[in-house]
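Trainee: I'll drop the sequence and a predicted model, then ask my questions.
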Amino acid sequence: MSTYAPRHSPSAFSTPASTTLFRRLTWEGTVPLEIRVDSKELPANSDRGLECYYIQAPRVSYLPLLVPEIKRYLLDVVFDEAAARVIKEEDWWFESEEGNLLKWHWPIGLIYDNHTISQSTKPNAMQSVFTPLRLVLHLVSPPTEKLLLSPSAEACKQAFMGQLKEADFIRWGNTKRMTGLRKAEQDGLWEGIKEHNFDEYWRVASKITPTTAPTRSNSPPPPPSSTSLHTRPPSADPGSSGGPDRDGASSVRNVPARIYLPDGPVLQDLVPPVLDDGTMHTLGAFLAARLPLLFPPPETGKPNLAYALIQGVPVPPEAEMAWLGACMAGADGWVNVCVGLLREGARYP
């Protein structure tokens, strides 16, 4: 896949260096994909020995954004000129190797992690972080009744922006930060995803995403000389002073988070960053409250029967939800917690 030279922002997004580091590590994550054209739909005179395309796809990207690159490969190597003239990109759609229709509006990393946890339920399945996710590309007859919308880049952009606005509302109780962005800034968020440009995306996202500045009451205030390291540009919220206390990760109303279960439902609930007793809300407490059979509370002394993946990383239970929301959320603003089942005697996959 094409790579893009990073462009550096002189402000470094006005966030602590460690926060920027984790955000960049999340952004630069990739997953291996094997994309095979359905053999029954290959045009006549196609080279049937080359219908598979391998790509290391960015986790934050989306399947419709890969289509132009896949199409160039197929036109250059697989299809003849006659097929190239009749092929219709808008009819393309993806299935998993098992025949499941893929959710094109999900980030590619989430699709991969969801597949990983689904494999954890199969006793004979081999788990490996290096296994490509095998996808089947169909060239005709999209199941429009299941796709809901055409899996185009423009429809994907609208779905992405909708997720950002929902995350904004869950965090702050309103969408003023998102709606306060100029159209060029909102378009810049999507262009950052399309071009896989970290700086272009975070130049705007830093205005709506909480900081990791310490906000606990027992934390000493930062010295005046370091204030610029712990704040970001003033919020689009007219009532915001732009200070770290208001825009800090621990000051949001809730962390946008969803739980994905193997071949099961998606769970969404309000996730406050701080519990009623004043302690930080951790991933372990979050999972124990919602899935106590898989993640028994510590006082029971029972071992966990499952593990949590966020951005492909097994996350320890003591990780704070506020920090995860600021550093390991997807580009759409959501912390996607994929829950897989532990094999006997295993700690992590």
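Mentor: Done, it's in.
Trainee: how about low-confidence regions in the stretch 1-150 of the chain?
Mentor: Scanning the stretch 1-150 of the chain for pLDDT under 70 picks out 1-15, 124-130, 148.
Trainee: which residues of it fall in strands?
Mentor: Ranges of strands in the stretch 1-150 of the chain, per DSSP state E, counting those that start in this stretch, are 30-37, 52-58, 93-96, 133-138.
Trainee: with the stretch 201-349 of the chain instead?
Mentor: Here the stretch 201-349 of the chain has its strands, by DSSP E, counting those that start in this stretch, at 257-260, 266-268, 306-310, 313-314, 335-341.
Trainee: OK, contacts around residue 144?
Mentor: residue 150 (C-beta atoms under 8 Å, 6 or more residues apart in numbering). Any C-beta I mention is one placed from the backbone N, CA and C, and that applies to glycine too.
Trainee: not counting residues beside it along the chain, what's closest to the residue nearest the centre of the chain?
Mentor: Central residue of the chain (C-alpha atoms, centre = their mean): residue 330, 3.3 Å from the mean position. Residue nearest to residue 330 in three dimensions, not counting chain neighbours: residue 107, with 5.3 Å by C-beta to C-beta, 6 or more residues apart in numbering.
Trainee: with residue 333 instead?
Mentor: For residue 333, ignoring the flanking residues on the chain, the nearest one in space by C-beta to C-beta, 6+ apart is residue 167 at 3.0 Å.
Trainee: checking that neighbour next. Helix, strand or coil?
Mentor: For residue 167, the assignment made with DSSP: H, G, I helix; E, B strand; the rest coil gives helix.
Trainee: isn't it up against residue 256?
Mentor: Yes - using C-beta atoms under 8 Å, residue 167 and residue 256 qualify as a contacting pair, with a distance of 3.9 Å.
Trainee: now the common contact residues for the two.
Mentor: With contacts defined as C-beta under 8 Å, 6+ apart, the residues shared by residue 167 and residue 256 are 329, 333, 334.
Trainee: tell me how far residue 123 lies from residue 341.
Mentor: The spacing between residue 123 and residue 341, counted by C-beta to C-beta, to the nearest Å, is 10 Å.
Trainee: looking at the two, which is more packed in?
Mentor: residue 341 (18 against 6; other C-beta atoms under 10 Å).
Trainee: now that one: closest residue in space, sequence neighbours ignored.
Mentor: The shortest distance from residue 341 to any non-neighbouring residue, by C-beta to C-beta, 6+ apart, is to residue 120 (4.5 Å).
Trainee: of the strands of the stretch 1-150 of the chain, which is nearest residue 46?
Mentor: Comparing the strands of the stretch 1-150 of the chain against residue 46 with C-beta to C-beta, the closest turns out to be strand 30-37 (8.1 Å).
Trainee: contacts only, for the residue nearest to residue 194 when sequence neighbours are not counted.
Mentor: Residue nearest to residue 194 in three dimensions, not counting chain neighbours: residue 65, with 5.9 Å by C-beta to C-beta, 6+ apart. Residue 65 makes contacts with 153, 156, 193, 194, as judged by C-beta under 8 Å, 6+ apart.
Trainee: so which of the residues you listed belong to helices?
Mentor: With DSSP state H as the criterion, helices contain 153, 156, 193, 194 from among these.
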